[in-house]
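My questions are about this predicted structure, shown below with the sequence.
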Amino acid sequence: MVTAELVKQLRERTGAGMMECKKALVAANGDADAAAEQLRVQGLAKADKKSARVAAEGTLAIERADTRAVMIEVNCETDFVAKQEEFQAFARSLAAAALAGNVTDVASLMSQRRGAETFEDLRKALIAKIGENINVRRVAAVSAPTALGAYLHGTRIGCLVALKGGTEELARDVAMHAAAMNPEYVSAGEVPGDIVARERAIFAEQSKSEGKPPEILAKMIEGKLRKRLAEITLLGQPFVKDDKITVEKLLKGAGAEVTSLVRFEVGAGIEKKQGDFVAEVMATVKAAH
């Protein structure tokens with residue numbers, strides 16, 4: 001069933017018109033991914049953002065020591081709780097423990113102790129106190145050969161970048177760029193073959209109406225493919241502080257290369273239950289009386 005909410009989500013995801021989104025969803029039997037790809041084939045979509053459904057609230061925390069750093073995401077139900085100091089402190093303590101213990105997975109981290117209690121015990125206690133579900137979603141650790149860039153944009157977007165060569169300032173600039181531009185891969189060579197094939201097929205379909213000789217069409221398709229790969233890769237993107245050069249050129253000029261890149265965005269890829277939280281609270285209060 002194609003609902004108004006589904007149409008709204010697809011419109012936000014692709015930038016296409018409401019009627020085009022509705023028609024695409026109907027044709028795809030409600031499959032949002034298939035509808036988004038069809039809109040791209042038709043040239044109606046302005047963007048194909050894979051992580052469009054960002055709904056969960058929460059925070060990110062980063063802790064670092066020299067050229068090592070850890071980033072963690074902790075989720076809750078509302079922005080109100082996400083901003084509370086107690087919730088923020090819990091996230092920071094998790095990141096500090098992960099860094100100190102060189103822990104790289106959530107299960108191991110939650111079994112770590114702080115005093116007499118494990119972090120899992122502390123999580124449950126915080127849930128009982130605050131009254132919202134709290135989930136420790138993911139943790140990432142990065143170690144840099146030369147320079148480490150760690151950047152938090154508020155508490156919702158964070159990046160860790162490790163460089164071989166270069167400086168701390170350069171690493172931070174690249175981390176800030178990645179936070180802003182959200183590259184899906186570091187280089188074109190990292191893009192999976194099936195994704196490259198899919199993109200090439202989309203551009204081939206779009207070019208059918210061009211009416212040009214096959215050899216010209218082939219060059220056009222490959223040109224569009226190179227442009228698309230540049231858009232989704234860190235090295236191919238124009239540098240945010242100077243769009244006359246790419247990130248690749250910036251790094252080469254400094255004799256540096258990226259050895260690791262991690263970008264977190266709070267709630268990316270999580271579907272949040274639709275509903276009126278205030279109404280739920282009021283219903284609970286009324287039921288208690």
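Received it, and whenever you're ready, just let me know what you need.

what's in contact with stretch 169-177?
144, 147-151, 153, 159-163, 234, 237, 239-241, 247, 250-251, 254, 256, 258 (CB atoms under 8 Å, 6 or more residues apart in numbering). To be clear about C-beta, it is placed using only N, CA and C from the backbone, and glycine gets the same treatment.

Now, of those residues, which are buried?
Buried subset of those (neighbour count, 16 or more other CB atoms under 10 Å): 144, 147-151, 159-163, 234, 237, 239, 247, 250-251, 254, 256, 258.

Which of those fall in strands?
147-151, 159-163, 239, 258 (DSSP state E).

Could you pull out the helices in this structure for me?
Listed in chain order, the helices found in the chain under DSSP state H are 4-14, 18-27, 32-41, 79-82, 85-101, 106-110, 119-130, 168-181, 193-206, 214-232, 247-253, 277-287.

export the shortest one as CSV, just CAs?
Once side chains and other backbone atoms are set aside, the C-alpha atoms of helix 79-82 remain, and they are given as CSV (Å, rounded to 0.1, in the frame of the first residue of the first chain):
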residue,chain,number,x,y,z
ASP,A,79,16.0,15.0,21.3
PHE,A,80,15.1,16.2,24.8
VAL,A,81,16.8,13.2,26.4
ALA,A,82,19.7,13.3,23.9
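
Okay, buried residues for it please.
81-82.

Ala254 and Thr167 touch, don't they?
Yes: contact criterion CB atoms under 8 Å: Ala254 and Thr167 qualify, at 7.2 Å.

Residue ranges in the stretch 151-289 of the chain under the pLDDT threshold?
Filtered on pLDDT under 70, the stretch 151-289 of the chain yields the residue ranges 271-289.

80 - rerun?
207-214, 269-289 (pLDDT under 80).

coming back round to it: so which of the helices of the chain gets nearest Val266?
helix 79-82 (7.9 Å; CB to CB).

any idea of the mean pLDDT in that closest one?
Per-residue pLDDT over helix 79-82 has a mean of 90.

I would like the residues contacting that helix, please.
With CB under 8 Å, 6+ apart, helix 79-82 has contacts from 57-59, 76, 87, 130, 132, 155, 266.

Please repeat the previous calculation with a cut-off of 10 Å.
Applying CB atoms under 10 Å, 6 or more residues apart in numbering, the external contacts of helix 79-82 come out as 56-59, 74-76, 87-88, 91, 126, 130-134, 155-156, 266-267, 277.
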